[in-house]
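Colleague: kindly return the folded structure for what I paste below:
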Amino acid sequence: MSPKISESLENYLRAIYTLQIDGKIPRIKDISKILSVKDASAVEAVKKLEKIGYVKHERYGYVNLTEKGLLMAERVYRKYIILNDFFVNVLGLSKEQAYNLSCGMEHHITDNIYVSLDGLILFLKRNPIEFNKAKEFISKYRKKMPHDFKTTLYDLPLDKPSEILDISEENEMKKALISKGIYPGLTVEIKKKEEKSFEIFANDKIINLSEEEAKHIIVA
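Modeller: Numbers count the residues shown, from 1 in each chain. A predicted model of the protein is given here:
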């Protein structure tokens, strides 16, 4: 059974493996560049990996994965790739966001989670109609819901200016709010709160809103 290693050392294994599958022979400076660390840090990490039999490294030479090092590196890399694929192609995150999340989570997902996630992505890719529906739904859901994770006008205290980021409705309510002069980018300030109604100040005028309308106005 392979020894348990730290998240940092797993990152080094993934970096070495990435260089190899890109057709490059890993060197300390290449590994350092991928991980944005100093050469001295990379040297120290490689020494630790060599001590437990994951790599072979000749002084000032190339770093090569051993057989068991290759097996471990492949496991780490596969988890990273599947997470990155999910974040970018299913959830629609940026490559930078996906990279940062994947690099942190790859060390913690179990084999069962990995296999399940891999199966989900495979199913979606084999069923492009359902895949597109899922992405469209996620995109709309992220804009509209859940309000529990967003600050709305309803949550603001009195006399605290805040910018409107979005209106989480696409129906008649959104049209009604826009007709009242409520739109993304506008700075608003609550002047009066009653049980079911709000008075807000925006564009040098007072605007009356219902409680339900206030709950659908996302603010900074």
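Colleague: number of nearby residues for the residue nearest to Ile28 when sequence neighbours are not counted?
Modeller: Counting by CB to CB, 6 or more residues apart in numbering, Ala42 is the residue found nearest to Ile28 once chain neighbours are left out, at 5.0 Å. From N, CA and C alone the C-beta is placed, and that goes for glycine too. Other residues near Ala42 number 24, with proximity taken as other CB atoms under 10 Å.
Colleague: and Ala42, what pLDDT?
Modeller: Ala42 is assigned a pLDDT of 93 by the prediction.
Colleague: again, but for Lys143
Modeller: Lys143 is assigned a pLDDT of 67 by the prediction.
Colleague: the one 4 residues further on now?
Modeller: Looking at His147, its pLDDT reads 60.
Colleague: same question for the one 4 residues further on.
Modeller: In the predicted model, Thr151 carries a pLDDT score of 86.
Colleague: show me where this structure has its strands.
Modeller: Secondary structure of the chain by DSSP state E: the strands cover 55-57, 63-65, 162-167, 187-193, 197-202, 205-210, 217-219.
Colleague: which of the ones you listed is buried the deepest?
Modeller: With neighbours taken as mean count of other CB atoms under 10 Å, these reach their highest mean count in strand 217-219, at a mean of 23.
Colleague: and that strand, what does it pack onto?
Modeller: Strand 217-219 is packed against strand 162-167, with contacts defined by 3 or more CB pairs under 8 Å, 6 or more residues apart in numbering; DSSP states H and E.
Colleague: please name the strands paired to the strand it packs on in the sheet, noting orientation.
Modeller: Strands that pair with strand 162-167, judged by DSSP bridges, come out as strand 187-193 (antiparallel), strand 217-219 (antiparallel).
Colleague: wait, which of these is closest to Phe131?
Modeller: Shortest distance between Phe131 and the strands paired with strand 162-167, using CB to CB, is found for strand 217-219: 27.6 Å.
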